[in-house]
Each structure stands twice: as C-alpha cells, then as structure tokens.
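# got a predicted structure here, sequence first:
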Amino acid sequence: MLTIAALYHFTRFPDPAALKPGLLEVCAAHGVKGSLLLAPEGINGTIAGPPDGIRSVLAAIRALPGCDGLEWKESFAQSMPFGRMKVRLKREIVTMGQPDVDPLARVGNYVAPSEWNALISDPETVVIDTRNDYEVAIGTFQGAVDPGTKAFGEFPEWWQDNRERFAGKRIAMFCTGGIRCEKSTNYLLGQGVNQVFHLKGGILKYLEEVPQEASLWQGQCFVFDDRVSVGHKLVPGGLKVCGACRRPVTAADQADPVYEDGVCCPACVDAYSPDDRNRFRERHRQMMLAAKRGTQHLGFEPE
C-alpha cells in the first residue's frame, strides 16, 4: 500500500531554486514520486510512495525555512499514481496573478469539516466554489455558486463582475485542498468583504472526515493524479482523464461519438489540430504497449 500526501505551505523562500536539488535527492532516495512546486511564496504539491519514504520527504520539507508548521492530507493507493518525480520552479505555487494578495498577511476564518454543513446551510451564507469549471462539473457542494472559471487567475475578474450580487452576505469558499482559498479569502478581505470563511483542509478533508450519510457533497472530487477523482473516504471514483485536455471524462462522455480514448473528448473536440490528434494517438499507442510490458509510459502524466 502506497501513501499519497497532498500538501502546501505559504512561507518566504528567498532562493527557491537552491531548494530543488535537495528535494529531488531525498525523493529519489526513498522511492517517492509526484510533483512539487517551489516559488518565493512557498511550496505546493502531491507526492506518493512507501509510508516510510513519505515520512522522510515530509520531514525534509518541514526542515525548510518556515515550514515547520506544514500540514498535509494523506490517502492511499495500491499502485503508484505518478510516473516520476518533478520539482518545478514557479512564480506562484497557485497562480492567481494578483501581486498584492498575500496569504501570510491574513486569510478568512477557517471552518472545520464538522462545522461546514451548518455554515453553508445558513441562508445568509453564499457558498462559492473556487475551482475550475471542469472540476465543478463532476462534483460540488449542494447550493454552491459556480463561477465558471477555466483558471484560478480568472477569479478576481469574476468577483468584480458579480460582487454586487453578494453585498452584505457572509461568504464561504472551498477548493480541493485549501490552497486556492488561502488566496481567494485574502483577496476578498482586501476588497472590503468583512465576513469571509473557508473550509479547512478543503474538500479532501471534508470527504475524509464527514460520513457520507451526513454529507452535503454531491458527486466526486477531481484530483491531479492517476486516480482522477475521489469520493467519500477518498476512495477512487473510477473516472478516466482525457489524453488531450486532461479533463475528467464520465461514462456519458465516453459514450459520445466524438470521444476517442487518449485522443479527444467532448470538451476539447474543436481545440486541437489534426497533427495534434495524430501525436496524441501515437502517445496513446505507446502507453498501451508500455502497459502490456508492465511498465509505465512517462509521456502522459496528470499534473
């Protein structure tokens, strides 16, 4: 059984590039794979490996400047959901494109999963899903507002266009693991919204802790690894991912005449050139051959 650790932590890294070699080394030494992002504002990512290996890597991350308070969410898998280990340098660990947003300065009020239902059931609370449209499409909380954004960087513009709708309301926001809400709540506070709340630990923590019979979650939660989606108790949801646009594809999507495994889904049917489609077909063919050999093809890996 492998352990999957989803993590993020906001801190100041004066030289993120200097941290990359050490992280790659400790991950390689302990059989850990996945993806970590480093930026001047902190670290973000998901890693998987044997339990002892994950503990060693998490200890190394906690030893980084300002990361002793690191928290993470664990789930489990029978097989490795990543093909390799990547540590990438970015401008932001979650891209919002708002230079004045600083989660280290202040954020909204954290709400524990056990208290979330009561908050979002209050008619004076507006519940906003801060994730991308394709994530919302496969699952969200009952009554949540879907901004319809294709990327998190679109959220500030959406808020400016819709803020009058929510004047005087209590705002509760949520995302997959909590990182987007660190920025979105800071942004709303800077916009003069007084009552701002967010789900501590995100959807993943809620699905882990809240019993299904008491849950207000509807559908599945998209995750950025081979599991594609998870449900309550973080059980894999059984969805596939499009080999072209990497969006989740449901059984209905797969039954659509335009769907081609590894090549195209209804959401991206007009998004790529014939040359792109041929490239996707060859990649998919190589993946199938690798699977028959019992190996993993590295050309396609969920981000």
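Structure received.
# this protein: helices as residue ranges?
Assigned by DSSP state H, the helices in the chain fall at 20-29, 51-62, 113-121, 133-136, 155-162, 179-190, 202-209, 251-255, 274-293.
# check residue 269 and give its pLDDT.
Per-residue pLDDT puts residue 269 at 90.
# what's the burial count for the closest residue to it other than its chain neighbours?
Distances taken as Cβ to Cβ, 6 or more residues apart in numbering place residue 258 nearest to residue 269, at 4.6 Å, with adjacent residues excluded. Glycine gets a C-beta too; all of them are placed from N, C-alpha and C. Other residues near residue 258 number 12, with proximity taken as other Cβ atoms under 10 Å.
# shouldn't residue 258 be in contact with residue 267?
No. Counting by Cβ atoms under 8 Å, residue 258 does not reach residue 267; the two are 9.8 Å apart.
# Throw the helices of the chain into JSON lines and include mean pLDDT, thanks.
Formatted as JSON lines, those follow (pLDDT from 0 to 100):
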{"stretch": "helix 20-29", "mean pLDDT": "98"}
{"stretch": "helix 51-62", "mean pLDDT": "98"}
{"stretch": "helix 113-121", "mean pLDDT": "98"}
{"stretch": "helix 133-136", "mean pLDDT": "94"}
{"stretch": "helix 155-162", "mean pLDDT": "98"}
{"stretch": "helix 179-190", "mean pLDDT": "97"}
{"stretch": "helix 202-209", "mean pLDDT": "96"}
{"stretch": "helix 251-255", "mean pLDDT": "89"}
{"stretch": "helix 274-293", "mean pLDDT": "87"}
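# with respect to burial, which of those helices scores highest?
Stretch with highest mean neighbour count among those: helix 179-190 (a mean of 23; mean count of other Cβ atoms under 10 Å).
# which helices and strands sit right next to that one?
The contact analysis (3 or more Cβ pairs under 8 Å, 6 or more residues apart in numbering; DSSP states H and E) places helix 179-190 against strand 2-10, helix 155-162, strand 170-174, strand 196-199.
# residue 239: which of these is closest?
Among those, the nearest to residue 239 by Cβ to Cβ is strand 2-10 (16.6 Å).
# partners of the closest one in the sheet?
strand 42-49 (antiparallel), strand 71-77 (antiparallel) (DSSP bridges).
# dump the first one to CSV, restricted to CA.
It refers to strand 42-49. Output of strand 42-49 as CSV, limited to C-alpha atoms (Å, rounded to 0.1, in the frame of the first residue of the first chain):
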residue,chain,number,x,y,z
GLY,A,42,6.2,28.6,-0.6
ILE,A,43,5.6,25.0,-1.7
ASN,A,44,2.7,23.0,-3.1
GLY,A,45,2.3,19.5,-4.5
THR,A,46,1.3,15.9,-4.2
ILE,A,47,3.7,13.0,-3.7
ALA,A,48,3.3,9.3,-3.4
GLY,A,49,5.5,6.4,-2.1
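# so that strand versus helix 51-62, what angle?
170 degrees (axes from the mean of the first three to the mean of the last three Cα atoms, to 10 degrees).
# please parse the protein into its domains.
Using automatic domain parsing, the domain ranges for the chain come out as 2-89, 109-219, 239-293.
# of these, which is nearest residue 97?
Minimum separation from residue 97 across the domains of the chain (Cβ to Cβ) falls at domain 109-219, 4.4 Å.
# and the closest one, how far apart are its ends?
26 Å (Cα to Cα, to the nearest Å).
# rebuild the strands paired with strand 2-10 as JSON lines, extending it with mean neighbour count and distance to residue 166.
Formatted as JSON lines, the strands paired with strand 2-10 follow (neighbours: other Cβ atoms under 10 Å; distance: least, Cβ to Cβ, whole Å):
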{"stretch": "strand 42-49", "mean neighbour count": "24", "distance to residue 166": "28"}
{"stretch": "strand 71-77", "mean neighbour count": "17", "distance to residue 166": "29"}
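# that concludes my questions; thank you for your assistance.
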